[in-house]
Each structure stands twice: as structure tokens, then as C-alpha cells.
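Novice: Here you go, sequence then predicted model.
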Amino acid sequence: MASPTVSVIIPLYNKRREIGGTLRSVLAQTLQPLEIVVVDDGSTDGSAEEVEAVASPLVRLVRQPNAGVCAARNRAIAESRGELVALLDADDEWEPEFLDEIVALYEEFPGCGIYCTAFNIVSRDGVFPARTPERRGVVENFFRDSAHCYIAIPSASAVPRRVFDEVGGFPEGMKIAEDLHMWIRIARRYRVCFSPRRLCRYSKVASNRSAASYTPERTAYSFETLYDPAAPEEYNEFVARAALGKALIISTKGGTEEAARAARFFAYTKTYRRTLRKVRVLNALPAAWRPRLIGWYNVLAWKIARKGL
């Protein structure tokens, strides 16, 4: 049986400094993809020109007016042709064996909705392993096990095209936690497959990180609609985790009302009471204080996490 064809899709917005390295990491794969579809989402820094400078027939650049990362991913999926769609952000990179391992998982464990690997985190003070599962194969319970570690991030994941055909694309208009919204919709229908090999480098130091100011999302999608009273407890707990994590970011940026609404809706959580309390405490503070306070907290949390605590 022939191996599946793989399309690599990359949403691009103002990543001129990083996109060259990202593309080189794909072109260096031991298993070459069918194509690399880059959707430039209205970049203004010359990112598209950096893509055009890459001399490879595998790379195809599609330009569109700025519409957000979800719209760019969905456009790339629609433009691509592969049986497997490998996701990669424009500031992350793969180790040479990433696609080889993804295809091996796909062939060994058919029928899954997400195939993903472990990854390393690239920070200003070094490269550190993310906390991920240790066992290769089908994840026993994605929603329960995600409470303790990372299982899927976009740049270390691939999704069979038929899965997008069934569950739909990324939630257009959503700017924060859009990947978790997608994973929830997939994992409630399909199994998730994982490899503990660290074959992706996730960057925390890239240019054009998320904006500090808050602008409300204009989207028909929300985590509230994913809540299902008939679903297992671990499913609804994962939905609460995603929503409250997003609320924490929104509160930091000044979105007090939206964060408060999430805190009220997801107050049912038992597993993520600490995150719920953080949202409530942060929301009670003056908006001008929040970025610095959460910045200090995140620096401390990162130092603790690096020590495995």
C-alpha cells in the first residue's frame, strides 16, 4: 500500500525573520511532502518576499487580505491536496524525521483524528522539553490526560483531510485558543495518536507575538457552545480549561467583561479551580496593573516548570 501524501500548511503573518528557517526545516525532511502551502495573511513586513526567495518547486505562496490565523489555515487546507494535512506555524521548526514519524503513526494506528509528536520549547534562556506523554500510540483519554501534559499543538500535529471534511475547519474570527477549539471538536469524535519523539521546536521568542491590547473577537464560535451536560466529566473539564485559560489572557489585555462571563459560565470546574481563581483575582484589579502582574507570574511559573516542578 502506498504511503499517504502529505501537504504542509503554514499560515504567515509578519514573520519575515523566522519563515526562512521554518521552510528550510520542512525542505530538510527525510520524507518529503507533496507540497508546502504558505498562506500570507496580509503581511506588511516582507514575509511573502522571503517565501518567494526560497527556491523550491514544493513551496506555493497564496496571498490574501488579513483575516486571521484560522482563515489562513482554512484557506491553506482548501488549497492543498494531500491525504494528510501537517500543520506548522511560521515561527516553529521540525526536526528532519518529523514527517517520517507522522506517516509511520498514520500507517500503524489508522482511523485517528490527530497524529502528533512531543516537542521542545525554545525560550530566551535555552531549549527545554515540554511535558508530554511517554507512551507511543493511541492516547487512552485525550481530555483526561491533557490535564497533566501537552498532547497536541498545531506545529507538532497532522490531521487527515477527511477529518476536516467531517468536523469543519478552524474557528474563523477566534484569535486565542483557536487550536484547542479545533482539538475538542476532533477528539470528541476521533482517537488521538501520539509519539514521544521530540521532533518539533516551538518558539517562545519569535517576532510578532500576540498583541498587548485587547480587541474583541468577531466570531460565531465560542467554548460555551462546546459544553455538553451529557458528556463525560473530563470532556467538560477540558472545555473549561481552554475557556478559562483564554479568559486569563483576555483579562490581562483588558477584556474584563468577556473574562467575567467566562468565569461565570465555567464556574462548574473542579479540576481548574486555580485558573478560575486567577481569572477572578486578575479581573478585580485595575486593568493597567494586570499585564505586569501576569508577566511576573509567568516568568516565575516558567522557571519552576524548567526545573520539572
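Specialist: It's in. Values in this document were obtained by computation on a predicted structure and should not be read as measured data.
Novice: hmm, who's touching stretch 169-188?
Specialist: Contact partners of stretch 169-188, identified using Cβ atoms under 8 Å, 6 or more residues apart in numbering, comprise 67-71, 73-74, 77, 113-114, 142-143, 152-154, 159, 163, 167-168, 192, 210, 217-221, 223, 226, 231, 235, 238-239, 242-243, 245-246, 249-250. From N, CA and C alone the C-beta is placed, and that goes for glycine too.
Novice: let me redo that: stretch 220-227
Specialist: 171-174, 177, 181, 184-185, 236, 239, 242-243, 246, 262, 265-266.
Novice: how would you label the closest residue to residue 133 other than its chain neighbours: helix, strand or coil?
Specialist: Nearest residue to residue 133 in three dimensions, chain neighbours excluded: residue 194, at 5.5 Å (Cβ to Cβ, 6 or more residues apart in numbering). At residue 194, secondary structure determined by DSSP: H, G, I helix; E, B strand; the rest coil is strand.
Novice: For PyMOL, what selects the buried ones among the contacts of stretch 220-227?
Specialist: Selection of buried members from those for PyMOL, criterion 16 or more other Cβ atoms under 10 Å:
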select buried, resi 171+172+174+177+181+184+185+236+239+242+243+246+262+265+266
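Novice: ok, now which ones touch the residue nearest to residue 133?
Specialist: 105, 115-118, 132-133, 135-139, 151-152.
Novice: Kindly list the main-chain dihedrals of residue 81?
Specialist: Backbone torsions for residue 81, taken as degrees, to the nearest 10, come to phi -130, psi -10.
Novice: Pull the number of nearby residues for it.
Specialist: Look at residue 81: counted by other Cβ atoms under 10 Å, it has 11 neighbours.
Novice: from memory it sits against residue 33, does it?
Specialist: No. Counting by Cβ atoms under 8 Å, residue 81 stays clear of residue 33, with 10.7 Å between them.
Novice: what's the overlap in contacts for these two?
Specialist: 5, 7.
Novice: Now find how far off-centre the helix or strand that contains residue 86 is within its chain.
Specialist: According to DSSP states H and E, residue 86 maps onto strand 84-87. Distance of strand 84-87 from its chain centroid, counting by Cα atoms, centre = their mean, to the nearest Å, is 13 Å.
Novice: same deal with stretch 97-112?
Specialist: 19 Å.
Novice: mind listing what's buried in that stretch?
Specialist: Here stretch 97-112 shows 98, 99, 100, 101, 102, 103, 104, 105, 106, 109, 112 as buried, counting by 16+ other Cβ under 10 Å.
Novice: Residue 128 sits in which helix or strand?
Specialist: Going by DSSP H and E, residue 128 is in strand 126-129.
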